[in-house]
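# I need the structure of the sequence given here:
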Amino acid sequence: MNTITEIEHTADRAFSVQGRDLCELFENAARAIFETQQPPSSAFVHVFHEVNANGIDRETLLVNWLNELLYQQEKCQETFDHCSVLDLSDTAIRATVSGRSGVERNPVKAVTFHGLQIQPTAQGFRTTFVVDV
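Residues are numbered from 1 along each chain as shown. Now for the predicted structure:
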C-alpha cells in the first residue's frame, strides 16, 4: 500500500496519507511533513523528544499534532525525521520524535484544515491535508 502521495494543489502542497490504523495514519502524516522539508544528510547531534497534542476531534487533533511538530522543530532549531505514536485517542496524542539539530530545512509554515477529513477505508484510514509552504 502506498502510504503517502503528494497531490496537485494550486498554491501550497497537499498530501493523501493512509495507515492501517489511526496510529500509523498519524505517523505517516508526520512523515509526509518531514519528507517535505528534505533536509540534507549530514552528521549533526541526534535529538529525541516526547510531543503531545490535543484536539476536539480526530481532524483537529491531526492538525494540532502536525502543527506542534512544526513548532517544536522551529523552537528547538531541529529537524525531525521519525516519529512513533505511544498513545492515541480521538482527542489526544503522545508520541516520540527523533531527528537532528542544526540542520537547515525547507520550512513548512502550517498545516491547514482545508478539505481535511479522516475516513475509514477497507485497508484502515485515509486523510488528505494541505500544508502552507
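
# Show me what the residue lying closest to residue 109 once chain neighbours are set aside bridges to in the sheet.
The spatial neighbour of residue 109 that comes closest, neighbours along the chain excluded (CB to CB, 6 or more residues apart in numbering), is residue 132 at 4.3 Å. For every residue, glycine as well, the C-beta is placed using N, CA and C. When bridges are assigned using DSSP bridges, the partners listed for residue 132 are residue 110.

# which residue ranges form the helices in the chain?
Taking DSSP state H as the criterion, the chain contains helices spanning 22-37, 58-76.

# Can you tell me which of these is most buried?
Greatest average neighbour count among these goes to helix 22-37 (a mean of 21), per mean count of other CB atoms under 10 Å.

# Contacts only, for the residue nearest to residue 80 when sequence neighbours are not counted.
Closest residue to residue 80 in three dimensions, ignoring its sequence neighbours and counting by CB to CB, 6+ apart: residue 99, at 3.7 Å. By CB atoms under 8 Å, 6 or more residues apart in numbering, residue 99 lies in contact with 34, 46, 47, 73, 78, 79, 80, 81, 82.

# What of residue 56?
With contact set as CB under 8 Å, 6+ apart, residue 56 has these partners: residue 91.
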